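Chemist: compute the structure for the input listed below.
(4 chains)
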Number of protein chains: 2
Amino acid sequence: MADDPRSAPRQGEPAQPEPRRPEDPRLDRRRLDVLRAIVQDYVATQEPVGSKALVERHNLGVSPATIRNDMAALEEEGYIHQPHTSAGRVPTDKGYRLFVDRLASVKPLSSAERSAIYAFLEGAVDLDDVVARTVRLLAQITRQVAVVQYPSLSRSAVRHVELVLIAPSRVMLVLITDTGRVEQRIAETAPATEQSLAELRARLNALIVGRRLAEVPARLADFGEQFQPDDRAVARTLAAVLMDAVVEQREERVMLGGTANLTRFRQDFPDTIGPVLEALEEQMVLLKLLGETTGPSMLTVRIGHETGYEELASTSLVASGYGRDGDAVAQLGVLGPTRMDYPGTMGAVSAVARYVGRVLDEA
Amino acid sequence: MADDPRSAPRQGEPAQPEPRRPEDPRLDRRRLDVLRAIVQDYVATQEPVGSKALVERHNLGVSPATIRNDMAALEEEGYIHQPHTSAGRVPTDKGYRLFVDRLASVKPLSSAERSAIYAFLEGAVDLDDVVARTVRLLAQITRQVAVVQYPSLSRSAVRHVELVLIAPSRVMLVLITDTGRVEQRIAETAPATEQSLAELRARLNALIVGRRLAEVPARLADFGEQFQPDDRAVARTLAAVLMDAVVEQREERVMLGGTANLTRFRQDFPDTIGPVLEALEEQMVLLKLLGETTGPSMLTVRIGHETGYEELASTSLVASGYGRDGDAVAQLGVLGPTRMDYPGTMGAVSAVARYVGRVLDEA
DNA sequence: CGCTGGCACTCGTTCTTCCGGAGTGCCAAG
DNA sequence: CTTGGCACTCCGGAAGAACGAGTGCCAGCG
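Modeler: Below is the predicted model of the structure:
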């Protein structure tokens, strides 16, 4: 909770020798290189990495002994950690954080991948399908667990409201949003006729079409009053049901996919895989996680304990907002072990988010 | 597929010495008791069960040596199996089959559980919600993986079709079924007006409301022809889209829950948990599994290899049809390790199926 | 004829011990 | 500040031994 998880890609200029800033004296350039190398190697091999292996795999131009000194310093500052004496080092959450913030750049996808994404998403037939495909796609590309939040109701706008008389005093109400979401409710009303419903429908639509759902309750406050006594009861009931539907807590839904990928990391989570799966099924957890995820940039990375859930301490979340022309209507992301390929995952997530937004714009 | 899964409690009179029937000579009464005891113990302890433990836990009135003879016979006939010499016995798929068919009775839920089920399901607000709640409920009661199939489109009937003009030549088509399902499509049409749409809507509804979806294509075959040339193109397009929607293969969907429960059986699936999860995410597999599941009685049990999928060889499926007043519109069930509590699970599944049907009737 | 107790045997499980090797921290010298 | 050397730690796997649960078979009993 301490530091806010922003993610600045920070590719770019090598930055002068940088005469150590007072507040950050130790972290000179090589130290950072070492940290980066450790993260990369650990992610790749999944084993604690030692000084010797480091100098071999990366040409750091110094001896293992020197690296050991740097490692000791990095450990001192909490960026890496030693499972036990005489073992290599493993990055800590803090280490990954630094890596993500300053040492890595988002890896763009190949153009082949891009067009594959687009082709795959474009075939979607309705919103459910878009979400389902997106989940599948994300899970497949990143080979991790994918999470996609349905476009939030309250941030969507009303496209149309339909009233259907299914019995003399029973009306089905269908609400369609500009993000393609469809909500339906059955309302028990006073007896109504097709004619009165037609008028109600017309007025209702005139009143709220094009409005954000958040505005709906205000505009419907005294909807009933403008009608003849005959219809007033029906109008009131319907307005109430509609208002209920738009504030409905259940409005927020997520779809999950690729949970099988968790098992690829059984070594990462010796016993934590159960709790992780449980946390994932608990939609509230995911929603809160995604909900908080509204950083300055689109991409958010939440590492290990930063998630705020003990069960997810061994996982990281890479998420991004997505939506029509830029303003995010919902979030989507990927959950994997803290030891994951951040640059690649970030690239995939942001690419998918962009394309989903584009597909939504078309629909 | 061979024997239909009835469940004959078979308590009752000791049955004369019973001069062994020719077609089934060996399986005398005690042998079956032994098998039942083995299944029960194995399910409870999850460890191969030996002759000594058996006589201790169940009062069979004979000595371990006798039991050993029976066990040898049972093994000979393929009902149980020995992981290795000098280990206890474990039921085979065939053993479970016999157990389910002849040795166990469906365990009814307590009345407290029943009312809890009903209370939980009753709060559902729409079809999605019913399905979601059902999955949660099943997973929770059985502590296993729950699967619920959405009411099949083709077996449902049309309640209403709505047409919404969202742009001069763009119509949103919403199809609502009597099972509460809502399908929507966007159609690109020739330019249309509100008026022409109103007429189209009226005729469309007159034509197909109340019809099974399977009948829809036939009834819409020459829908376009009855209109003025102006509207004909629009009518044709809409009819085509609608027909497409009802035959849509994607119509069949399932919802999954409680996958975290799989991890409780990690010992059962040492390395198979990954493949199982994958198979579960593959909706096609689940659909086929549920689809085949239409026995004479409502309850179907599919044990181990009977599923027909190698990945699911270590799991069993307990499923039941559900639907409004008796005729099944879809299936729902539970997937667990072959060594599961069949009587309890069967009781839970059939109870939930019954209640879901009731809730659907009300909506 | 079926049941029973006894007995030798099998074989997985667990515990202990042992060793190799990777990796460290420290130190003295360049 | 860097480097090579060195003693030390400690994990992880291999090898072996003791254990014990469970079996199959057999001879005797009712």
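Chemist: chain B contacts on the stretch 1-150 of chain A?
Modeler: Within the stretch 1-150 of chain A, the positions near chain B by CB under 8 Å from any CB of the partner chain are A:125-126, A:129. Heads up, the C-betas are built off the backbone N, CA and C, glycines and all.
Chemist: try it again at 10 Å.
Modeler: Within the stretch 1-150 of chain A, the positions adjacent to chain B are A:125-129, A:132, A:135-136, A:139 by CB under 10 Å from any CB of the partner chain.
Chemist: now swap in the stretch 251-363 of chain A and tell me
Modeler: When proximity is defined as CB under 10 Å from any CB, the stretch 251-363 of chain A approaches chain B at A:253, A:256-264, A:266, A:269, A:271-283, A:362-363.
Chemist: sorry, back to before: filter the residues of the stretch 1-150 of chain A next to chain B down to the buried ones, PyMOL style.
Modeler: The PyMOL selection below is limited to those of the residues of the stretch 1-150 of chain A next to chain B classed as buried (16 or more other CB atoms under 10 Å in any protein chain shown):
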select buried, chain A and resi 125+126+127+128+132+135+136+139
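Chemist: now residue A:342: how far from DNA strand D?
Modeler: Distance of residue A:342 to DNA strand D, given as CB to the nearest atom of the strand, to the nearest Å: 25 Å.
Chemist: list the contacts of that residue.
Modeler: Applying CB atoms under 10 Å, 6 or more residues apart in numbering or on different chains to residue A:342 gives the contacts A:7, A:39, A:43, A:96, A:99-100, A:103-104, A:106-107, A:301, A:303, A:316, A:318, A:336.
Chemist: could you rerun that using 6 Å?
Modeler: Residues in contact with residue A:342, defined by CB atoms under 6 Å, 6 or more residues apart in numbering or on different chains, are A:100, A:104.
Chemist: also the one 10 residues further on?
Modeler: Contacts for residue A:352 (CB under 6 Å, 6+ apart) come out as residue A:138.
Chemist: which secondary structure element contains residue A:175?
Modeler: strand A:170-177 (DSSP states H and E).
Chemist: gap between residue A:198 and residue A:192?
Modeler: Going from residue A:198 to residue A:192 by CB to CB, to the nearest Å gives 10 Å.
Chemist: now do the longest strand along chain A, average pLDDT.
Modeler: The strand that spans the most residues within chain A, counting by DSSP state E, is strand A:158-167. For strand A:158-167, the mean pLDDT works out to 84.
Chemist: does chain B have contacts with it?
Modeler: Yes. Legend: contact between strand A:158-167 and chain B by CB under 6 Å from any CB of the partner chain is shown at A:160, A:162, A:164.
Chemist: same check on stretch A:232-242?
Modeler: No. Contact between stretch A:232-242 and chain B, assessed by CB under 6 Å from any CB, is absent, since the two come no nearer than 10.0 Å.
Chemist: buried sites along that stretch?
Modeler: For stretch A:232-242, a neighbour-count test (16+ other CB under 10 Å) marks A:234-239, A:241-242 as buried.
Chemist: one more: stretch A:40-55?
Modeler: By neighbour count with 16+ other CB under 10 Å, stretch A:40-55 contains the buried residues A:40-43, A:48-51, A:53-55.
Chemist: what segments of chain A are helices?
Modeler: Secondary structure of chain A, counting by DSSP state H: helices at A:29-45, A:51-57, A:64-76, A:93-98, A:111-122, A:127-142, A:194-208, A:216-220, A:229-247, A:273-281, A:283-292, A:342-362.
Chemist: if we can go back for a sec, what's the longest strand of chain A packed up against?
Modeler: Applying 3 or more CB pairs under 6 Å, 6 or more residues apart in numbering or on different chains; DSSP states H and E, one finds that strand A:158-167 makes contact with strand A:170-177, helix A:194-208, strand B:158-167.
Chemist: coming back round to it: and DNA strand D, which of the residues of the stretch 1-150 of chain A next to chain B reach it?
Modeler: Among the residues of the stretch 1-150 of chain A next to chain B, none lies close to DNA strand D by the criterion of CB under 7 Å from any atom of the strand.
Chemist: and the residues of the stretch 1-150 of chain A next to chain B, which is closest to residue A:79?
Modeler: For these, the closest approach to residue A:79 (CB to CB) belongs to residue A:139, at 30.5 Å.
Chemist: would you mind writing the CA trace of the longest strand of chain A as PDB?
Modeler: Extracted in PDB, the C-alpha atoms of strand A:158-167 (Å, rounded to 0.1, in the frame of the first residue of the first chain):
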ATOM      1  CA  VAL A 158     -28.200   3.800 -22.100                       C
ATOM      2  CA  ARG A 159     -28.800   2.800 -25.700                       C
ATOM      3  CA  HIS A 160     -32.300   1.600 -25.400                       C
ATOM      4  CA  VAL A 161     -34.900   0.400 -23.000                       C
ATOM      5  CA  GLU A 162     -37.500  -2.100 -24.000                       C
ATOM      6  CA  LEU A 163     -40.600  -3.100 -22.300                       C
ATOM      7  CA  VAL A 164     -42.300  -6.400 -23.000                       C
ATOM      8  CA  LEU A 165     -45.700  -7.400 -21.700                       C
ATOM      9  CA  ILE A 166     -45.400 -11.100 -20.900                       C
ATOM     10  CA  ALA A 167     -48.600 -11.400 -18.900                       C
END
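Chemist: and of the helices and strands packed on strand A:158-167, who's closest to DNA strand C?
Modeler: strand A:170-177 (55.3 Å; CB to the nearest atom of the strand).
Chemist: direction included, what does that closest one pair up with?
Modeler: Sheet pairing for strand A:170-177, assigned by DSSP bridges, gives strand A:158-167 (antiparallel), strand A:182-188 (antiparallel).
Chemist: list the contacts of the last one.
Modeler: Spelled out, that is strand A:182-188. Looking at strand A:182-188 with CB under 6 Å, 6+ apart, the contacting residues turn out to be A:171-176, A:237-238, A:241, A:245, B:126, B:182, B:184.
Chemist: what's the most distant pair in these?
Modeler: The largest separation in the contacts of strand A:182-188, counting by CB to CB, is between A:237 and B:184 at 24.7 Å.
Chemist: what pLDDT is listed against whichever residue of chain A sits closest to DNA strand D?
Modeler: Across chain A, the shortest distance to DNA strand D (CB to the nearest atom of the strand) belongs to residue A:86, at 2.8 Å. Residue A:86 carries a pLDDT score of 84 in this model.
Chemist: also residue A:15?
Modeler: According to the model's per-residue confidence, residue A:15 sits at a pLDDT of 41.
Chemist: in contact with residue A:256, which residues are there?
Modeler: With contacts defined as CB under 6 Å, 6+ apart, residue A:256 is in contact with A:147, A:280.
Chemist: cutoff 10 Å now
Modeler: With contacts taken as CB under 10 Å, 6+ apart, residue A:256 has the following neighbours: A:135, A:139, A:145-148, A:277, A:280-281, A:283, A:286, A:335, B:256, B:259, B:281.
Chemist: count the neighbours of residue A:194 for me.
Modeler: 9 (other CB atoms under 10 Å in any protein chain shown).
Chemist: equivalent analysis for residue A:111, please.
Modeler: When neighbours are counted by other CB under 10 Å, residue A:111 registers 8.
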